[in-house]
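[1] Sequence and predicted model, in that order:
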Amino acid sequence: MSGSTAGEKTATDGRYRALLDVSSAMVEQPTVEAILHSLRGVLSNITAFHGADLYLLSDDGKDLQLVGFDRAPDAPPIPKGTKLPLTSTAERVLREQKPVFIADAAHEMLQYPGLASFASSVGLRSAYVFPVSTSRKQYGCIVFTRMEGGEIPAEQLELMSSVASHVAVALESALATDRAEQYQLDLAKERDRLRLLLEINNHVVSQLEVKDVFRAASASIRSYFANEFTGIWLVDRETNHLQSVLLDFPTGKGLLNDVAPTHLTDDDLGRLRRREPGFWSVADIENLPAPIAEQMRAELIQSVAVTPLATGTGPLGLLAIGSRKPTAFGQQDLDLFRQIGAQIALAVDNAIAYGRLSASHAHLEEQREYLESETRAEYSFEEIIGKSAVLREVLNQVSIVAPTDSTALLHGETGTGKELVARAIHNLSPRRDHTFVRLNCAAIPSGLVESELFGHEKGAFTGALMQKRGRFELADRGTLFLDEIGDISLDLQPKLLRALQEREFERLGSTKTIHVDVRLIAATHQDLPAMIRNNQFREDLFYRLNVFPIEIPPLRERREDIPLLIHYLVSRLSRRMQKRIRSIPKRAMDMLVNADWPGNVRELENFIERCVILTQGDELQVPRIELKRPPLRTAATGATFEEAERQVIIDALKAASGKISGKGGAAERLGLQRTTLQNKMRRLNITRADSSH
């Protein structure tokens, strides 16, 4: 074999060896950059090149994008992602599938806006552009920049073309691997997304309380999005205020809990109805209302994803997640968050409906318990009994005012039956099918009257162990009867006036305004105008109460009704005590009719009950000696009503030897309840010592 033939064989063997080395080197590389870098060591023995840059075609085939490179340290730093238009050189390489030699790389770079700024650092270098293609697809071009000028020999050019073909095959394999890995990642993400939606759905269907739904859902949301906080803000449809109801922020400082409710404009409500989710960047957060932006800034929140909560019933509120990372959420996250918002909105809607049903049920149950307690309570009598002219006049006034919703003020002495008149007004009114609620303002310590009227929240004061509805709420759409209205403290009177005028109030310990539709009937035995003059009662409240005044006559002014009352009481009490009383002695009846009865019907009822107890046969036994006692009303002529009342109580205490309650006590003599008498004694500054003077 001649020397030249042996040399050619050696060169050919070297090229084959180089191709085998290239193939082996590329097979072992996991990334495009690693593939390009592996070429340097393999090809350095064949030809010297300054760098290798791989450009891939875009999907539309209109430009090339730099996706990988391997360069010498002094090579121009062209960034990955640089796009070049598909100009004549590259287009020719791809069309002809042949390499193109570029004698002046710097001059060529000036033709491309993305490369022009790097041309000055290239110097006098040349380049070869090779097509990167397989039988399936044209992928792009690989550019080898040479350190010297001039073309390379044909056999080296052939070798470089083969290398480019190997690169194309390796690239196809790498891209297929990338697609497979991306597919696996997409499958895993879709699995996690569906798992999150399933978890949220399970929370929604298994919980009735929105707080329980939210606590469970926020934990699932945080495990998926890795967010710092999750919050729900709901719309108060009466005030159009957006207020925070639930916030899960384990790493927060608690600042977002103190943000005041935000008023929503019509545009805001429109966006909620359209259910348009969105991102809030740092700039967007700064454009929020100042208190919210300030607290977000203090909590270092830099990105927020929000989605409206809305159903067919209208906008409900807003669901938001926040992060301390600037770009924590992407479009796919927002699409998923929209679906979560739809599920949470359903839970909120269900919870609101459940809350209404529960509140309605609780309200009905409270009314039932109240009415049962009222039924069990003993009243003076069930009906208004009498036929006197003064009583007929009272009943005529009742029939006039009952069909209206106007406030009525009943005035009369203790025991005249003011509550019965109030019940008659209610029973003749359009509100008869709803609750009649009563409250004796004098029978309750002054510090508890507000709670009894307006209710309180759990923890509002010492001893408030649970939420309680007040009498105003119980009487919604019905009638509220306030007996002894003159005993309400001056501090409470403005609140009562507001509740009457505006038909709204707040429970103790709550800022939520409650609206009610209540008709008020008030009653008192006191001289309210005199109390106004003594700065003991508000004049504006008096005018609000005194819309339709009714004066209830005392028993001594309708004596012709006393026999009817006595027969009625004897009949009722004898049946209850299983006695058969058939007659009442005439002399006893005359004494009963002519007695003073300072406690009015209540005193008469108590006395008749004592008579029925004492009766052993069929004729009523009346302890006449008690009817002969001097009346307790011994107040001096010309004294004020308050002075007269004070003297009457003192006289009753003296007659009872200082005894307040029990048999023969002052309360029984006056026909008052023990607590009512004690409240009056405190108000009038009466002590037991006064009864001994």
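    Nice, I can see it.
[2] For the helix ranked longest in the chain, name the packing helices and strands.
    For the chain, the longest helix by residue count, based on DSSP state H, is helix 154-206. In terms of contacts (3 or more CB pairs under 8 Å, 6 or more residues apart in numbering; DSSP states H and E), helix 154-206 is packed against helix 3-27, helix 32-43, strand 126-133, strand 138-146, helix 210-225, helix 331-376. All C-beta spots, glycine's among them, are computed from the backbone N, C-alpha and C.
[3] Next, the angle from the fourth one to strand 126-133.
    It refers to strand 138-146. Note on geometry: by axes from the mean of the first three to the mean of the last three CA atoms, to 10 degrees, strand 138-146 and strand 126-133 are set 160 degrees apart in direction.
[4] roughly how far apart are the residue lying closest to G509 once chain neighbours are set aside and N257?
    Distances taken as CB to CB, 6 or more residues apart in numbering put A460 closest to G509, at 2.8 Å, once the chain neighbours are dropped. Distance of A460 to N257, computed by CB to CB, to the nearest Å: 20 Å.
[5] moving C-terminal of the host helix or strand of A588, what's the next helix or strand?
    In the assignment (DSSP states H and E), A588 maps to helix 586-594. Per DSSP H and E, the first helix or strand lying C-terminal to helix 586-594 is helix 600-614.
[6] Who are the packing partners of that next one?
    Using 3+ CB pairs under 8 Å, 6+ apart: helix 600-614 touches helix 562-576, helix 666-670.
[7] Please identify the most buried of the ones you listed.
    helix 666-670 (a mean of 24; mean count of other CB atoms under 10 Å).
[8] what does that one contact?
    Here helix 666-670 makes contact (CB atoms under 8 Å, 6 or more residues apart in numbering) with 414, 598-599, 603, 606, 632, 648-649, 652-653, 655-656, 659-662, 673-674, 676-677.
[9] I'd like the next helix or strand past that helix.
    Counting by DSSP H and E, what follows helix 666-670 is helix 674-683.
[10] mean confidence score for that next one?
    The predicted model gives helix 674-683 an average pLDDT of 81.
[11] Counting by contacts, list what that helix packs against.
    Using 3+ CB pairs under 8 Å, 6+ apart as the contact definition, the elements that helix 674-683 packs against are helix 641-655, helix 666-670.
[12] can you tell me which of the helices and strands packed on helix 154-206 the model trusts least?
    helix 3-27 (a mean of 55).
[13] before we move on, the earlier item: what about A460 and N257, which has more around it?
    Ranked by neighbour count (other CB atoms under 10 Å), A460 and N257 place A460 first, with 16 against 12.
[14] so what pLDDT did the more buried one get?
    The predicted local confidence for A460 is 76.
[15] Contact partners for it?
    Here A460 is in contact with S451, R507, L508, G509, S510 (CB under 8 Å, 6+ apart).
[16] for T513, phi and psi?
    phi -80, psi 130 (degrees, to the nearest 10).
[17] what does stretch 562-577 contact?
    Residues contacting stretch 562-577 (CB under 8 Å, 6+ apart): 381, 385-387, 555, 580-581, 584, 589, 592-593, 601, 604-605, 608-609, 611-613, 620.
[18] what about 10 Å?
    Contact with stretch 562-577 is made by 380-383, 385-388, 555-556, 558, 579-584, 588-590, 592-595, 597, 601, 604-613, 615, 618, 620, 622, as judged by CB atoms under 10 Å, 6 or more residues apart in numbering.
[19] Any idea how far it is from the middle of the chain?
    Relative to the centre of its chain, stretch 562-577 is centred 57 Å away, using CA atoms, centre = their mean, to the nearest Å.
[20] For the helices and strands packed on helix 674-683, state which one has the densest average packing.
    helix 666-670 (a mean of 24).
[21] doesn't R538 make contact with M531?
    Yes - with contact defined as CB atoms under 10 Å, M531 counts as touching R538 (9.5 Å).
[22] Is L64 in contact with L115, as I believe?
    No - between L64 and L115 there is no contact under CB under 10 Å: 11.0 Å.
[23] With neighbour numbers in mind, choose between the two.
    L64 (25 against 19).
[24] that's a strand at that one, yeah?
    Yes - per DSSP: H, G, I helix; E, B strand; the rest coil, L64 lies within a strand segment.
[25] If we ignore the residues flanking it in sequence, what's nearest it?
    Using CB to CB, 6+ apart, the closest residue to L64 is Y55 (3.9 Å).
[26] Confirm that that neighbour sits in a strand.
    Yes - remark: Y55 belongs to a strand, assigned using three-state DSSP.
[27] which residues sit in contact with it?
    Here Y55 is in contact with 63-69, 82-84, 86, 90, 129, 132, 139-143 (criterion: CB under 10 Å, 6+ apart).
[28] hmm, try it at 6 Å
    Counting by CB atoms under 6 Å, 6 or more residues apart in numbering, Y55 touches L64, L66, G140, C141.
[29] The second one against K83, yeah?
    By that I understand L66. No - at 7.8 Å, L66 and K83 do not qualify as touching, with contact defined as CB atoms under 6 Å.
[30] Pick out whichever of those two has more residues nearby.
    Between L66 and K83, counting by other CB under 10 Å, L66 is the more crowded of the two (20 against 14).
[31] does that one have beta-bridge partners, and which?
    Y55 (DSSP bridges).
[32] do you know how far it is from E506?
    Here L66 is placed at a distance of 68 Å from E506 (CB to CB).
[33] and what of A103?
    Counting by CB to CB - A103 and E506 are separated by 88 Å.
[34] next one: P445
    21 Å.
[35] next one: V437
    Relative to E506, and taking CB to CB, V437 is found at 19 Å.
[36] who's more crowded, the two?
    V437 (23 against 16).
[37] got a list of what the nearest residue to that one once chain neighbours are set aside touches?
    Once flanking residues are discounted, V437 sits nearest to A475: 4.0 Å by CB to CB, 6+ apart. For A475, the contacting residues are T435, V437, V518, by CB under 6 Å, 6+ apart.
[38] Look at the residue nearest to the first one when sequence neighbours are not counted and say how many residues are nearby.
    If the residues on either side of it in the chain are set aside, T435 comes closest to G478, at 3.9 Å by CB to CB, 6+ apart. By the criterion of other CB under 10 Å, G478 has 20 neighbours.
[39] Now do the contacts for G478.
    R431, H434, T435.
[40] SS state for the second one?
    Counting by three-state DSSP, the backbone at H434 sits in coil.
[41] right, and it touches T479 too?
    No - if you go by CB under 6 Å, H434 and T479 don't touch, sitting 7.6 Å apart.
[42] okay, the two: which has more neighbours?
    T479 (24 against 18).
[43] who does the more buried one bridge with?
    The partner residues for T479, given DSSP bridges, come to F436, R519.
[44] show me what contacts it?
    Here T479 is in contact with H426, R431, F436, R519 (criterion: CB under 6 Å, 6+ apart).
[45] Let me know the pLDDT of it.
    You'll see T479 listed with a pLDDT of 94.
[46] Which phi and psi values does the residue most central in space within the chain adopt?
    Centroid check for the chain by CA atoms, centre = their mean gives V245 as the closest residue, at 3.8 Å. Backbone torsions of V245, given as degrees, to the nearest 10, read phi -120, psi -30.
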